[in-house]
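Trainee: The amino acid sequence is not available; the structure is as follows:
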């Protein structure tokens, strides 16, 4: 790197920090941290982008009646148990009115996912991250907020939102078998059947499939909703929903031999 005067170094540090390359304190000193940030920037500039923007739309398949018994059979439950969980714990649709994957961005989770540093400072300054839930009202459409967060840190932003029918947090992606939150989001965009599969995979990973098979609604709600489940009556809501669906004839399904 050619010799630079103090003002030029200061301008470089400010520019690098602003676009997310950590040049350290803006002190006008061309130290190893500033050199490293400049090198990272040049390398990024010379490397062609390999990733397209995240896909929030896909095939957009809606659930079919057969999907519930088919997926439920994997863990030894029927459609009534899954209907009950969906009634209480899931949202009505896996997609929004624009055909995008249903999503709610959580700024307090983004704050945690980013951790201390320049990225979090930028997110806080832009109103995209804050420490405590409920600090600000949520907008009707979370996508503009999410897209702004992606410009700061894509994976942290995707991990900080709940997705699809099961309202699965992005930070649970690895828990249900996806390598990244992005991989989970793009898979969920293909259909509500994939989203339901993700919910069942979460139930298994959380060790709650036994409770579901036994109809231990208090045990299931404790694991799924946390220790305050009784305050909101999740266990009684689950039981009532199951009894409702249990009175309705099931979709005929026979697992392949």
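Mentor: Nice, thanks for sending it over. All values reported here derive from a predicted model rather than from experimental measurement.

Trainee: Quick one: mean pLDDT over stretch 74-81.
Mentor: Per-residue pLDDT over stretch 74-81 has a mean of 96.

Trainee: now swap in stretch 102-109 and tell me
Mentor: 97.

Trainee: what about that stretch, start to end distance?
Mentor: 18 Å (C-alpha to C-alpha, to the nearest Å).

Trainee: Tell me the buried residues in that stretch?
Mentor: Residues of stretch 102-109 classed as buried by neighbour count (16 or more other C-beta atoms under 10 Å): 102, 103, 105, 106, 107, 108, 109. For the C-beta atoms, the positions are set from N, CA and C on the backbone; glycine is no exception.

Trainee: again with stretch 188-195
Mentor: Under 16+ other C-beta under 10 Å, the buried positions of stretch 188-195 are 188, 189, 190, 191, 192, 193, 194, 195.

Trainee: shouldn't the third one be in contact with residue 62?
Mentor: No: Residue 190 lies out of contact with residue 62 (C-beta atoms under 8 Å); the separation is 11.5 Å.

Trainee: Could I get the full set of strands for this protein?
Mentor: For the chain, the strands defined by DSSP state E occupy 103-105, 161-163, 168-169.

Trainee: re the thing from before, of the buried residues of stretch 188-195, just say which sits nearest to residue 74.
Mentor: Taking C-beta to C-beta as the measure, residue 74 lies nearest residue 193 of these, at 12.4 Å.

Trainee: Distance of the closest one relative to residue 204?
Mentor: Distance from residue 193 to residue 204, counting by C-beta to C-beta, to the nearest Å: 17 Å.

Trainee: In the chain, what helix or strand scores lowest on average pLDDT?
Mentor: helix 32-46 (a mean of 72; mean pLDDT, DSSP states H and E).

Trainee: shaky segments in the chain?
Mentor: Applying pLDDT under 70 to the chain flags residues 1-4, 43-51, 256-257.

Trainee: hang on, the earlier thing: relative to residue 125, which of the strands of the chain is closest?
Mentor: Nearest to residue 125 among these is strand 103-105 (16.9 Å), distances taken as C-beta to C-beta.

Trainee: Indicate each strand paired with the closest one and its parallel or antiparallel sense.
Mentor: Taking DSSP bridges as the criterion, strand 103-105 forms sheet pairs with strand 161-163 (antiparallel).

Trainee: Kind regards, and thank you for your time.
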